[in-house]
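[1] Just the structure for this:
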Amino acid sequence: MTNPSIILRLRACFRALVEYDFAPKFSAKVRWFVYHPLGVLTIAAFISFLCGLFIHSQGFVLSGGVLAVVALGVIWPWLSLRGLVGSISFDRLRAYEGDFVEVRLTLRNRLPWPAWGLAVRGGFGRNTTEVVAGIAVTPRRRTALCRWNFKPLCRGIFPVTTLKLTTGFPFGLWDNSKALAVETPLIVWPFIYPVGPIPQVSGDHQVEGNVSRSKVGTNGDVLGVRPYRRGDSPRRIHWAQSAKYDRLIVCELQSNSRPVIQIVLDVDPRSHAGKGSDSSLEWAIRIVASFAMGWLEDGAQIGLAYGGKDIPPASGQAQLYKILDALASLPEDCDKPLVDVLACPKCRGFRDGLQVIVTTDRTHAHGGCGACEVEDQRWVVLKADAFSETADLYPCDNSHIAPWLFIDSPKSVPAQLKGGWREARHGS
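    Modelled structure (predicted):
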């Protein structure tokens, strides 16, 4: 015969355990334990043990059964992952923002039984618990190959965090995890937009003799004629041929020199606004990458300076890879002001060509950017407010500012890069 008072006491203890408000620093963990399936089963096993101790011995049987379920739900996932070895690879070494990249998971199961309910978490975003792929079953003593597509929305080196193989099979009480090896990381380059012609660099500031005399350029002797393209100088129009063919024909000139351009990127967080792939910093990086690729393909020597680091001017495919790889791996926490970057020996001592400085109007408003009309400099200024949902605390007056290129919104970037400056609009 059971004692009603004991039952009432057990009820009161259980209610107090659930409803008691513990200290704030422990309440979150305690509540997680109470509401988590593993915590609920542990509490049920403890209460069954108390029932067996004070009420009836059958409570011990129930407590043992619940503990067996808990043990199986914790040990089985751990044991399953001990026999699995996995590695991640990509179908290419480099990609652009927005490209679809195939991810390959090679999974070797050395256990004499299959592994069920596997998932790959983290690695491709800030959320380390996000499931990026699921594997229903891995056959025993076999190697499985899993594939899925990944679309990077922002430049970077992927995976950004450690990829983990997890499983909670069979009951989902506890997810055990194991790190996956990465054969070769994926380098995601910024998105590239077509750009206009190379800004004019005076003859004294060009590298002579690096380009063949038969190469097309903007100076030298006439090589031939071709149809007019936007950005060509009106002085190069061949009027006789234009009248003959009833359309504009221009003279194709040779090039005996190669322009040298140093691109300076402002990466100071205080100069930029917004977060993620839509921030002004990311758009500034895309603009720099577009200039570098477009002008390298046109035969210029391009260098890059940012945050105390410098890539000397050079040309060719290797230089393009070096610049884009550096932009892909550029950290977001570089706090060196633009005025310090321009004062470094590499930037201050650059006298071989043209400097193109990419920054925002926040730096411009505080006077850190200097004058916009220096002969050997071109300023690309982004309007910071246009890349953020919050208004700028330090709005600037752009009425007296005449930068070489002003970007007032993300939507205007393609058109501005294609024909937003004097050489691209009218030719010279």
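[2] how does this structure divide up, domain by domain?
    Domains of the chain are assigned by automatic domain parsing as 4-80, 83-189, 212-254, 260-425.
[3] Let's have these in CSV, adding mean pLDDT and mean neighbour count.
    Quick note: C-beta positions are derived from backbone N, CA and C, even for glycine. Below are the domains of the chain laid out as CSV (pLDDT from 0 to 100; neighbours: other CB atoms under 10 Å):
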stretch, mean pLDDT, mean neighbour count
domain 4-80, 78, 14
domain 83-189, 92, 17
domain 212-254, 76, 14
domain 260-425, 85, 18
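[4] In CSV: these, plus distance to Ile198.
    Shown next, in CSV, are the domains of the chain (distance: least, CB to CB, whole Å):
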stretch, distance to Ile198
domain 4-80, 59
domain 83-189, 21
domain 212-254, 8
domain 260-425, 5
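[5] can you give me the helices in the stretch 301-428 of the chain?
    317-328, 338-343, 345-348, 361-365, 413-419, 422-425 (DSSP state H, counting those that start in this stretch).
[6] Same check on the chain?
    4-19, 24-35, 37-54, 58-82, 239-245, 280-297, 317-328, 338-343, 345-348, 361-365, 413-419, 422-425 (DSSP state H).
[7] Just give the nearest non-adjacent residue to Pro312, would you?
    Excluding the flanking residues, the one nearest Pro312 by CB to CB, 6 or more residues apart in numbering is Gly303, at 5.4 Å.
[8] wait, the one you found sits on Leu265?
    No - in this structure, Gly303 is not within contact of Leu265 by CB atoms under 8 Å, at 11.3 Å.
[9] who's in contact with stretch 129-136?
    103, 105, 107, 116-124, 144, 146, 148, 150 (CB atoms under 8 Å, 6 or more residues apart in numbering).
[10] Which one of the helices of the stretch 301-428 of the chain lies nearest to Cys251?
    Among the helices of the stretch 301-428 of the chain, helix 422-425 comes nearest to Cys251, with 17.2 Å by CB to CB.
[11] ok, the residue nearest to Pro312 - contacts?
    Gly303 neighbours (CB under 8 Å, 6+ apart): 260-263, 310-314, 350.
[12] Out of those, the closest to Ile55 would be?
    The closest of the contacts of Gly303, once distances to Ile55 are taken by CB to CB, is Ile311, at 77.3 Å.
[13] Was I right to think that closest one contacts Asp325?
    No - with contacts counted by CB under 8 Å, Ile311 stays clear of Asp325, the gap being 9.9 Å.
[14] who does Trp116 bridge with?
    Here Trp116 sits in beta bridges with Val137, as judged by DSSP bridges.
[15] show me what contacts it?
    Contacts of Trp116 (CB under 8 Å, 6+ apart): 80, 136-138, 167, 169-170.
[16] Kindly provide the distance from Tyr96 to Pro190.
    8 Å (CB to CB, to the nearest Å).
[17] do the same with Ser279
    12 Å.
[18] circling back to that earlier point, which among the contacts of stretch 129-136 gets closest to Gly86?
    Among the contacts of stretch 129-136, and counting by CB to CB, the member closest to Gly86 is Leu107, at 4.6 Å.
[19] If the closest one is in a bridge, with which residues?
    For Leu107, the beta-bridge partners under DSSP bridges are Gly86, Ala144.
[20] Numbering from 530 from now on, please.
    Let's use 530 as the start, then, which means that last one is Leu636.
[21] for it, what are its contacts?
    613-615, 647, 664, 667, 672-675, 694.
[22] go on, Ser800?
    Counting by CB under 8 Å, 6+ apart, Ser800 touches 866-867, 888-889, 891-892, 913.
[23] cool, and Pro723?
    819, 823, 943, 946-947.
[24] same check, this time on Asp807
    916, 939.
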